[in-house]
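# okay, sequence plus prediction incoming.
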Amino acid sequence: MALMEMHHVAPVIRVRNVHKSFQNSNKMFKALTDVSLDILPGQIVGLIGASGSGKSTMLRHLAGLTTADLTDNSVTVLGRNVQSAGVIDRNIRTTRANIGFIFQQFNIVNRLSVLSNVLVGSLGRIPSWRGTAGWFTTAERMQALESLARVDMENFALQKASTLSGGQQQRVAIARALMQGAEVILADEPIASLDPISARNVMEILARINREDGRTVVVSLHQVDFALRYCERIVALKRGVVVFDGSSAAITSEMLHDIYGEKFSETCMEEKTFTSNQSICIPLEGTGMRAPESAGAMVS
Ligand code: ADP
Ligand code: MG
């Protein structure tokens, strides 16, 4: 869906004037400066920027995992207040139940089976004694299996999570977010610990659930080639400031050089994606979801 056509739609994520400072050994450090954003329902947004630019801090604000400075600012998700003026909403748990958070290090429980890890996703909705007792209904188990099928992991349901590869663990984490019923999925460098093939696999799954279910996805990616390939919209942070917000098709190599500085050459995961400083990855047409093998082609 074109960005321009949707401006009358109520945003699913709304960020206004967020500042975030950290106190580091007596020195104030500004991690985010005046960030404002509207993310529309069904968008898949790539959050890019060099290491330390504020991507994780940004995503944590969206989920209410960290508070902004005590200024006039607000974060709302799905029309509900997450935080305003640096104070987390008292009903954050209800809102968080609709937000799936995918971490770089998978955050799954190694000693549990794959299926149990997915069933954990339903804990926000069922009485806590049932979850503690490991008492799930047949319908819930069926739903967990369906979630696993959507990430091509249904054959691993009874396997212990610790036996899975990183890419498989990340797919289980996505299945857990599906089980949770998350309408918004925030993924913080979900492919940073994966080899390129697993990385592509995980990105294709995120893009597929965005496309097929209309779930809104915000994914931070150090690897700019993946961001351009899978995300229709890019938000770029540089030292905590949004320096680009627009269609991935509008990104040029000059902008990337500016965003990443001399670290630019390290930002492509797949080899030879950027061979000269005139070359940038071509995002796919439209929403950029169906990635053929040639998607890493270049323009020069
Ligand atoms: P990114 O995810 O883009 O690598 P982060 O959001 O993790 O960046 O960090 C942005 C900046 O804020 C970095 O300089 C980092 O050192 C600093 N920072 C992040 N979290 C904390 C914290 N809890 N305490 C102090 N400084 C922090
Ligand atoms: Mg980070």
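Ah, there it is. Ligands and ions are numbered 1, 2, ... in the order given.
# tell me where the chain has strands.
13-24, 27-39, 44-48, 74-77, 80-84, 87-88, 99-102, 184-188, 216-220, 233-238, 241-247, 280-281, 298-299 (DSSP state E).
# just for the stretch 101-250 of the chain, where's the confidence low?
For the stretch 101-250 of the chain, no stretch has pLDDT under 70.
# what's the biggest helix by length in the chain in contact with?
Criterion DSSP state H: the longest helix present in the chain is helix 196-213. Helix 196-213 is contacted from outside by 42-44, 150-152, 165-167, 170-171, 174, 178, 185, 187, 190-191, 194, 215-217, 219, 223, 226, 229-230, 269-270, 287-289, 291, using Cβ atoms under 8 Å, 6 or more residues apart in numbering. Yep, even glycine has a C-beta here, placed from its N, CA and C like the rest.
# buried ones in it?
198, 199, 200, 201, 202, 203, 205, 206, 207, 209, 210, 211 (16 or more other Cβ atoms under 10 Å).
# chain center to it, what's the gap?
11 Å (Cα atoms, centre = their mean, to the nearest Å).
# can you start the count at 193 instead of 1 from here on
With 193 as the first residue, the last one maps to helix 388-405.
# which residues of the stretch 193-342 of the chain lie near ligand 2?
Where the stretch 193-342 of the chain comes near ligand 2, counting by Cβ under 5 Å from the ion, the residues are 247, 248.
# tell me the residue of the stretch 193-342 of the chain that sits nearest ligand 2?
Closest residue of the stretch 193-342 of the chain to ligand 2, Cβ to the ion: residue 248 (3.2 Å).
# that residue contacts residue 382, doesn't it?
No. Counting by Cβ atoms under 8 Å, residue 248 sits too far from residue 382 to count as a contact (12.0 Å).
# who has more neighbours out of the two?
The residue with more neighbours, out of residue 248 and residue 382, is residue 382; 26 against 19, by other Cβ atoms under 10 Å.
# now that one: closest residue in space that isn't a chain neighbour?
Leaving aside its chain neighbours, residue 382 sits nearest to residue 294 (4.8 Å; criterion: Cβ to Cβ, 6 or more residues apart in numbering).
# mind checking how far residue 428 is from ligand 2?
Per Cβ to the ion, to the nearest Å, residue 428 is found 14 Å from ligand 2.
# give the contact list for that residue.
Residue 428 touches 239, 240, 241, 434, 435, 436, 437, 447, 451, counting by Cβ under 8 Å, 6+ apart.
# run through the bridge partners of it.
residue 240, residue 436 (DSSP bridges).
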